[in-house]
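Student: sequence plus the predicted model coming up.
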Number of protein chains: 2
Amino acid sequence: MTAYTATALKSELNERGWRLTPQRETILQIFQDLPKGNHLSAEDLHNLLQAEGHAISLSTIYRTLKLMARMGILRELELAEGHKHYEINQPSPHHHHHLICVKCNKTIEFKNDAILKTGTRTAQKEGYHLLDCQLMIHAICPACQRSLLPM
Amino acid sequence: MTAYTATALKSELNERGWRLTPQRETILQIFQDLPKGNHLSAEDLHNLLQAEGHAISLSTIYRTLKLMARMGILRELELAEGHKHYEINQPSPHHHHHLICVKCNKTIEFKNDAILKTGTRTAQKEGYHLLDCQLMIHAICPACQRSLLPM
DNA sequence: TTGCTTATTGAGAATAATACTTATTAAGGA
DNA sequence: TCCTTAATAAGTATTATTCTCAATAAGCAA
């Protein structure tokens, strides 16, 4: 539905003197084909690409993820300790937030249009160019509340 | 003003079979004395403690930060790439959020009571025990928009 | 108060995600 | 089609954080 095409990516890149490479195109495609609510770590993406026969190096993957996050194409999520996850940055009707259990990392997505509005307004007021806006709720899930494990 | 005392920390720890140590008490004190809006990385804290004559090991600092974040005493902030920052988790009138430039890390704090309400309601609905709730706005600041530096 | 159990600490080593380096390749403008 | 230079691959380097383990000291019970 988003239909952010490779052509659009190309012109955005070229505007800044950058280039559209097959690697970047492939990675964008992967994220667009990802079922809603899914997200990938750098290593997940690397494995997925290899499974599909695309031999894109880890360096390129890290560089591309960072680039696309800074372009506002991907969102960088901190869903577990120690590494980041990425997902397509969807506009309003699909835009969502995360409720995360800090013990087991169980994550629930939820929507709230008011939050994106607040974020947009706040960025605008300060003259910032908005890339992403996410409410992170850190909490302990019902199962972990019952568990007696330390921490 | 918060006046979350060492005694309160002690009983919360003891309830779970844990202990109040001088190290934990000192670290809590540091965060309580921190001017509003300030936050520390593990290394910042380590340096600050050393400057004040407290020789608390880095291991203990990392363990304590994680523990206090999971108790809801501290909030874990992702204000720059590569490492976390921590600040006291203040209740409603002081509770705030961050607007961050992904290029230079310039950060602006802002308040919005509706967000904490949304977070509280969402966690409750799912039976999660709320620890922290923060809206992260990733954006590019005016200065960096003008800059021609890559990325 | 004294002793006992065991959580916690300190020091250093280990881990792991990410960034860096450099020769090579190839995108995009002329 | 050529030329400039951004991007890639591969491997190495970095660095924040966690882990290991012996030594220490909370907090409970007698």
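Tutor: Perfect, thanks for sending it.
Student: and the lowest-mean-pLDDT helix or strand in chain A, C-alpha only, in PDB?
Tutor: Least confident element among the helices and strands of chain A, by mean pLDDT, DSSP states H and E: helix A:142-146 (a mean of 89). Provided in PDB are the C-alpha atoms of helix A:142-146 (Å, rounded to 0.1, in the frame of the first residue of the first chain):
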ATOM      1  CA  PRO A 142       2.000 -10.600  33.400                       C
ATOM      2  CA  ALA A 143       4.000 -13.800  33.000                       C
ATOM      3  CA  CYS A 144       7.200 -12.100  34.200                       C
ATOM      4  CA  GLN A 145       5.400 -10.500  37.200                       C
ATOM      5  CA  ARG A 146       4.500 -14.000  38.400                       C
END
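Student: can you give me the buried ones in it?
Tutor: A:Cys144 (16 or more other CB atoms under 10 Å in any protein chain shown). Placement of C-beta: from N, CA and C, glycine included.
Student: just checking it against chain B, any contact.
Tutor: Yes - contact of helix A:142-146 with chain B (CB under 8 Å from any CB of the partner chain) involves A:142, A:145.
Student: do I have it right that A:Leu74 meets A:Leu65?
Tutor: Yes - counting by CB atoms under 8 Å, A:Leu65 is a contact partner of A:Leu74 at 6.5 Å.
Student: identify the contacts common to those two.
Tutor: A:Tyr86 (CB atoms under 8 Å, 6 or more residues apart in numbering or on different chains).
Student: which one of the two has more residues nearby?
Tutor: A:Leu74 (25 against 22; other CB atoms under 10 Å in any protein chain shown).
Student: return the residues in contact with the more buried one.
Tutor: With CB under 8 Å, 6+ apart, A:Leu74 has these contacts: A:31, A:65, A:68, A:86-89.
Student: okay, those in a markdown table with distance to chain B next?
Tutor: Formatted as a markdown table, the contacts of A:Leu74 follow (distance: CB to the nearest CB, whole Å):
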| residue | distance to chain B |
| --- | --- |
| A:Phe31 | 17 |
| A:Leu65 | 12 |
| A:Met68 | 11 |
| A:Tyr86 | 13 |
| A:Glu87 | 14 |
| A:Ile88 | 15 |
| A:Asn89 | 10 |
